[in-house]
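1. All I have is the shape, not the residue letters:
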């Protein structure tokens, strides 16, 4: 069976006054039906830009400069504006990080859900309302019919994120992008939302692209993982394999810097140095200036992608065995 | 909600009382009172007559007492007589108030119709050529004094081109055959004062529309709306502009009073028979009763419009509740 989502050589560039900045550098991945791909990386590594590129919500001066994004075989980058509007919110939906600001404060929850349902499902007002209330119930919002008529500020953060999820799922998307959906929430609410998320995915058989910087969340929700650094892919593969036996020094360092339950240590491990500024990227591997296993050629050439058994791939000259 | 309105009405009333007292006091400081004018008009008047007249009109009493008398007269519906025109103030103020209201409202609507699309267009394409041109014109509009602009407009459109009348309210001695004839004739007279009154507000509104629209379009929910597949038009108007309206409403409410005070100069310049010109001519002619009443009425109009704007917020922004 063909994967639902296939991204090939995606490249997104921001044309800044100081020169072009490649935020996403030749990223490729695929997601099967019902599968979740977790994308991890620190802030600014291009996780969100990757998602926005697929949605074609990249704003000037950003531009998709190369690549393909196939959704059920259809190349999204070849669609015109109106065709893309049909896909967005319909077949492909997105959940955002900040439930506090991602909803329009002057329109009711119901109104904001309805406009989407009316557009993509071609429902009339009444049917759209029924659908919206059904979705609100599905995501576990109590007294859904009343919540339907409330404004975002009248709901708590967790409830707002539930409403966002209900909205995103309202038109039966085949592909859902979740951009750090739990980052802005309390830990207990975070757990609830993740649980809800997983049960909904099982029920609706969606393909999900889950973006986070939290490895704990990744190990919980995703089947596959893609580790990004400075716009480029470091390592990808089945989540458990990658987390248990990382081959890329960056993945290993990322895992090592996680705090552990019940272990009190003086200082958390950190990765030495910092992410190079966009215009100071070395010609070779972007991680070379911080890498403990750096070799001469790392500075000069782009690392090749090495594939291991069990579908694990690493872009590195000197991978951890 | 009701208590909010009542409390605001009470505040408004208090402000009117204080302002009218201040104004009453200021009028008293003006050189000359009605009796002095009578003396200059009639050289045969005797000193006893003057004393008697002052007593008769109550001018010998202290200011606060006279203010109190005036307020109780107003409250009982007696606005007094115009000394200059020798008709009741009530008969003068009605048409003048209506004329000013028409001028201010049309000017407000006109400037909003021009300014808001300009503001939105420039907000969507900041730093574009259009943005620079509109910004330049906005500053020009903001810095042109309306009396100067009025004169220029009269010279161009009334004197040189002869398209529009230079001043007045309607063609004198004309009997209107239909309401349409009346409307076209009166709007011909309205155009020049309306335009010269609007230029400043167009500059101000369009700059504010631009900044509040830019602010609104930067919000996360704009991205959400796009991610939902909403068309550009829906995103701009339903999601963007609807939110930009909140700060914009404040500026519009504040500007109503400046349009009102601008009307004072414009009306005088175009000989437009509104409250502004009435205040001006009555002060120049020591027409005390007329000046006070028109002053208090225009103050009340501004305050009431502000109250209306406050109530409108509740409609625009559901996060505001009246307590």
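-> Everything's here; your move. Quantities reported herein were computed from a predicted structural model and do not represent experimental measurements.
2. residue of the stretch 201-321 of chain A with the smallest distance to chain B?
-> Taking Cβ to the nearest Cβ, chain B has its nearest neighbour within the stretch 201-321 of chain A at residue A:209, 13.3 Å off. Quick note: C-beta positions are derived from backbone N, CA and C, even for glycine.
3. Near chain B, which residues of the stretch 1-150 of chain A are found?
-> With the criterion set to Cβ under 8 Å from any Cβ of the partner chain, the stretch 1-150 of chain A comes near chain B through A:55, A:57, A:81-82, A:85-90, A:93-94, A:96, A:98, A:101-108, A:112, A:115-116, A:119-120.
4. Filter those down to just the ones in strands.
-> If you go by DSSP state E, the residues of the stretch 1-150 of chain A next to chain B have A:93, A:94 in strands.
5. Would you agree the residue of the stretch 201-321 of chain A closest to chain B falls within a helix?
-> No. Under DSSP: H, G, I helix; E, B strand; the rest coil, residue A:209 falls outside any helix and is assigned strand.
6. neighbours around it, how many?
-> The number of residues packed near residue A:209 is 26, by other Cβ atoms under 10 Å in any protein chain shown.
7. got the contact list for it?
-> Neighbour list for residue A:209: A:5, A:31, A:36, A:37, A:39, A:51, A:54, A:175, A:176, A:177, A:178 [criterion: Cβ atoms under 8 Å, 6 or more residues apart in numbering or on different chains].
8. ditto for residue A:28
-> A:7, A:8, A:9, A:10, A:233 are the contacts of residue A:28 under Cβ under 8 Å, 6+ apart.
9. 10 Å instead, please
-> Residue A:28 makes contacts with A:6, A:7, A:8, A:9, A:10, A:67, A:68, A:226, A:233, A:236, A:305, A:313, as judged by Cβ atoms under 10 Å, 6 or more residues apart in numbering or on different chains.
10. swap in residue A:12?
-> By Cβ under 10 Å, 6+ apart, the residues touching residue A:12 are A:21-25, A:27, A:46, A:49-50, A:52-53, A:58, A:62-67, A:231.
11. Could you rerun that using 7 Å?
-> A:23, A:24, A:49, A:53, A:58, A:62, A:64, A:65 (Cβ atoms under 7 Å, 6 or more residues apart in numbering or on different chains).
12. Can you tell me which of those comes closest to chain B?
-> Looking across the contacts of residue A:12 and measuring by Cβ to the nearest Cβ, the closest to chain B is residue A:58, at 11.0 Å.
13. I'd like to know how many residues surround the closest one.
-> Neighbour tally, residue A:58, other Cβ under 10 Å: 18.
14. And the pLDDT at it?
-> pLDDT for residue A:58: 89.
15. Please look at residue A:236 and residue A:313 and confirm they touch.
-> Yes. Residue A:236 lies in contact with residue A:313 (Cβ atoms under 7 Å); the separation is 5.3 Å.
16. So between those two, which is more surrounded?
-> The residue with more neighbours, out of residue A:236 and residue A:313, is residue A:236; 25 against 20, by other Cβ under 10 Å.
17. in which helix or strand would I find the closest residue to that one other than its chain neighbours?
-> Closest residue in space to residue A:236, ignoring its immediate chain neighbours: residue A:226 at 4.5 Å, by Cβ to Cβ, 6 or more residues apart in numbering or on different chains. Assigned by DSSP states H and E, residue A:226 falls within strand A:224-229.
18. In the following helix or strand past that strand, which residues are buried?
-> Downstream of strand A:224-229, the next assigned helix or strand under DSSP H and E is strand A:232-238. Using 16 or more other Cβ atoms under 10 Å in any protein chain shown as the test for burial, strand A:232-238 gives A:232, A:233, A:234, A:235, A:236, A:237.
19. helix or strand right after strand A:232-238?
-> The first helix or strand that comes after strand A:232-238 along the chain, using DSSP H and E, is helix A:239-244.
20. elements contacting that next one?
-> helix A:215-221, strand A:224-229 (3 or more Cβ pairs under 7 Å, 6 or more residues apart in numbering or on different chains; DSSP states H and E).
21. winner for burial among these?
-> strand A:224-229 (a mean of 24; mean count of other Cβ atoms under 10 Å in any protein chain shown).
22. and it, average pLDDT?
-> 93.
23. Could I get the full set of helices for the stretch 151-300 of chain B?
-> Here the stretch 151-300 of chain B has its helices, by DSSP state H, counting those that start in this stretch, at B:179-217, B:220-227, B:232-234, B:242-269, B:275-284, B:288-316.
24. Now render those as TSV, adding mean neighbour count.
-> Output for the helices of the stretch 151-300 of chain B, formatted as TSV (neighbours: other Cβ atoms under 10 Å in any protein chain shown):
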stretch	mean neighbour count
helix B:179-217	20
helix B:220-227	23
helix B:232-234	12
helix B:242-269	20
helix B:275-284	22
helix B:288-316	19
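25. Out of those helices, the one nearest chain A is which?
-> It's helix B:220-227; of the helices of the stretch 151-300 of chain B, that one is closest to chain A (Cβ to the nearest Cβ) at 4.1 Å.
26. So which elements touch the closest one?
-> Checking 3+ Cβ pairs under 7 Å, 6+ apart, helix B:220-227 ends up next to no helix or strand.
27. how far out from the middle of the chain is it?
-> Relative to its parent chain, helix B:220-227 has a centroid offset of 39 Å by Cα atoms, centre = their mean, to the nearest Å.
28. and it with helix B:179-217, angle?
-> When axes from the mean of the first three to the mean of the last three Cα atoms, to 10 degrees is applied, the directions of helix B:220-227 and helix B:179-217 differ by 100 degrees.
29. Quick check: residue A:152 vs chain B, distance?
-> 9 Å (Cβ to the nearest Cβ, to the nearest Å).
30. Find the nearest non-adjacent residue to that residue, please.
-> That would be residue A:103: by Cβ to Cβ, 6+ apart, it lies 4.0 Å from residue A:152.
31. Tell me which residues touch that neighbour, please.
-> Residues counted as contacts of residue A:103 (Cβ under 7 Å, 6+ apart) are A:112, A:152, A:160, A:163, A:164, B:221, B:224.
32. Where does residue A:275 sit: helix, strand or coil?
-> coil.
33. Is it in contact with residue A:232, as I believe?
-> No. Counting by Cβ under 7 Å, residue A:275 stays clear of residue A:232, with 11.6 Å between them.
34. So for stretch B:48-58, mean pLDDT?
-> Computed over stretch B:48-58, the average pLDDT equals 81.
35. right, I mislabeled it, should have said stretch A:139-148
-> 90.
36. Buried ones in it, by neighbour count?
-> Buried residues in stretch A:139-148, counted by 16+ other Cβ under 10 Å: A:139, A:140, A:141, A:144, A:147, A:148.
37. could these go into TSV alongside secondary structure?
-> Formatted as TSV, those follow (three-state DSSP):
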residue	secondary structure
A:139	coil
A:140	coil
A:141	coil
A:144	helix
A:147	helix
A:148	coil
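38. Kindly reformat the residues you listed as a markdown table containing distance to residue B:211.
-> Below are the buried residues of stretch A:139-148 laid out as a markdown table (distance: Cβ to Cβ, whole Å):
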| residue | distance to residue B:211 |
| --- | --- |
| A:139 | 37 |
| A:140 | 40 |
| A:141 | 36 |
| A:144 | 38 |
| A:147 | 34 |
| A:148 | 34 |
